[in-house]
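Novice: Sequence unavailable; structure follows:
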């Protein structure tokens, strides 16, 4: 098999694992009624925050009440996000082992340049010889996961909406700003 064919297989495996992770996350997390209720609640709360901000009123009591509710909601959402991260980590490690077992120890691609020093160990890991333009299967897999995972997640939009993602991060950032 040619190097291009093997690298294409690795990218295909990466794409398939990203789809599988999103499906499993949807199956066990995103389709549950509790998560859907939290999602709707986050969207409503985001709309209330935007309405309060755009009205120009200095209603401290309402703002404080929204912040407290937002912190509670963030804690609940963290549970679901943690589940998604665990599923993602397990499948990435399993796929990494699979790719290493199938293609380990042989070059699967050749770089058209000599990689910088910090990248040579990653791109040439597990390969015999001193030709640093040779690429290992793990390097191709990691690069393709980085490129594909976000796009698949965004395209499928199986889980968190933008309001949900923004909502769960803002209270944490606000608390960190208060510490400074």
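Specialist: Right, received. Where do you want to start? Note that the structure is a prediction, hence the values are computed from the model and not measured. Numbering: from 1, shown residues only.
Novice: now the helices for this protein?
Specialist: For the chain, the helices defined by DSSP state H occupy 3-25, 33-55, 60-103, 117-123, 137-156, 162-179.
Novice: Reformat the ones you listed as JSON lines; add mean pLDDT.
Specialist: Below are those laid out as JSON lines (pLDDT from 0 to 100):
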{"stretch": "helix 3-25", "mean pLDDT": "89"}
{"stretch": "helix 33-55", "mean pLDDT": "83"}
{"stretch": "helix 60-103", "mean pLDDT": "86"}
{"stretch": "helix 117-123", "mean pLDDT": "85"}
{"stretch": "helix 137-156", "mean pLDDT": "87"}
{"stretch": "helix 162-179", "mean pLDDT": "53"}
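Novice: and residue 109, which of these is closest to it?
Specialist: helix 3-25 (4.6 Å; CB to CB). To be clear about C-beta, it is placed using only N, CA and C from the backbone, and glycine gets the same treatment.
Novice: quick one on the thing from earlier: looking at the helices of the chain, which is nearest to residue 110?
Specialist: Evaluated with CB to CB, these place helix 3-25 nearest to residue 110, the distance being 6.3 Å.
Novice: Using JSON lines, lay out the helices of the chain together with mean neighbour count.
Specialist: JSON lines is the format used below for the helices of the chain (neighbours: other CB atoms under 10 Å):
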{"stretch": "helix 3-25", "mean neighbour count": "17"}
{"stretch": "helix 33-55", "mean neighbour count": "14"}
{"stretch": "helix 60-103", "mean neighbour count": "14"}
{"stretch": "helix 117-123", "mean neighbour count": "13"}
{"stretch": "helix 137-156", "mean neighbour count": "17"}
{"stretch": "helix 162-179", "mean neighbour count": "13"}
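Novice: Present those as a markdown table; the columns should include distance to residue 109.
Specialist: Output for these, formatted as a markdown table (distance: least, CB to CB, whole Å):
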| stretch | distance to residue 109 |
| --- | --- |
| helix 3-25 | 5 |
| helix 33-55 | 40 |
| helix 60-103 | 10 |
| helix 117-123 | 9 |
| helix 137-156 | 6 |
| helix 162-179 | 34 |
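Novice: of the ones you listed, which approaches residue 131 most closely?
Specialist: When the helices of the chain are compared for distance to residue 131 using CB to CB, the nearest one is helix 117-123, at 10.8 Å.
Novice: Nothing else from me, thank you.
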